[in-house]
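Engineer: The following block contains a protein sequence and its predicted model.
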Amino acid sequence: MKINKLGCLCLLLSSMTAATKTTDFSEPIEVNADRNEASLKQQMLVYSGNVIVKQGTLLIKAEKLTVDRSAGEGKEVFIAVGQPAVYSQVLDGDKPIQASAEEIRYAMATRVLTLTGKAEITQSGSLVRSAKIEYDLLKQQLSAEGEKGKERVTTIFTSEGK
């Protein structure tokens with residue numbers, strides 16, 4: 001797997017003026033779905049059917065969501081699956097960020113999104129597309145990598161005037 005450092009650096013530089021709304025992380029997480037199953041012993045929750053996760057302006061939509069609570073409170077991992085699953089959030093400065101992938105993994109403890117399978121992330125009109133994208137919500141850092149021999153990282157920049 002190859003990391004496109006130049007593309008990631010350019011996207012990072014273009015987004016340095018925007019920071020995640022830190023107030024979002026102090027908000028409660030609300031999950032809505034058509035169905036919920038829980039394993040108290042394994043500390044796993046599974047939501048299915050039109051799943052919607054909200055935390056402040058953070059929004060994830062998916063067909064299925066698994067919440068792994070085994071690491072303890074505040075260290076939950078949310079795994080959203082869809083065709084695609086989608087994520088959006090409004091950053092400080094009212095700049096929205098949007099992402100989609102077949103799987104979106106959100107680790108609460110680190111505030112890191114991992115997008116896998118046809119991953120795309122859009123911010124300020126620029127787009128990064130690859131097999132896997134990791135995005136640190138607090139540091140506003142992005143890392144993307146393609147599948148060896150199949151898919152490379154694609155970055156599309158648009159001028160701010162558009």
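Structural biologist: Yep, it's here.
Engineer: give me the element the residue located most distally from the centre of the chain is part of.
Structural biologist: Ranked by distance from the centre of the chain (Cα atoms, centre = their mean), the top residue is K41, with 27.9 Å. Of the helices and strands defined by DSSP states H and E, none includes K41.
Engineer: Just checking, which helix or strand of the chain averages the lowest pLDDT?
Structural biologist: Lowest by mean pLDDT, DSSP states H and E among the helices and strands of the chain is helix 5-14, with a mean of 39.
Engineer: For the residue farthest from the centre of the chain, grab phi and psi.
Structural biologist: phi -60, psi -40 (degrees, to the nearest 10).
Engineer: what do you get for R152?
Structural biologist: The phi/psi pair for R152 (degrees, to the nearest 10) is phi -100, psi 170.
Engineer: who touches the spatially most central residue of the chain in this structure?
Structural biologist: Geometric centre of the chain, nearest residue: L113, 4.0 Å, by Cα atoms, centre = their mean. Contacts for L113 (Cβ atoms under 8 Å, 6 or more residues apart in numbering) come out as Y87, A99, I104, R105, Y106, I133, E134, Y135, L137. Every C-beta, even on glycine, is put in place using the N, C-alpha and C of the backbone.
Engineer: Would you double-check that it falls in a strand?
Structural biologist: Yes. Assessed by DSSP: H, G, I helix; E, B strand; the rest coil, L113 belongs to a strand.
Engineer: Highest neighbour count among the contacts of L113?
Structural biologist: Highest neighbour count within these: I104, with 29 neighbours (other Cβ atoms under 10 Å).
Engineer: these two touch, right, it and V77?
Structural biologist: No. Assessed by Cβ atoms under 8 Å, I104 is found out of contact with V77, at 11.1 Å.
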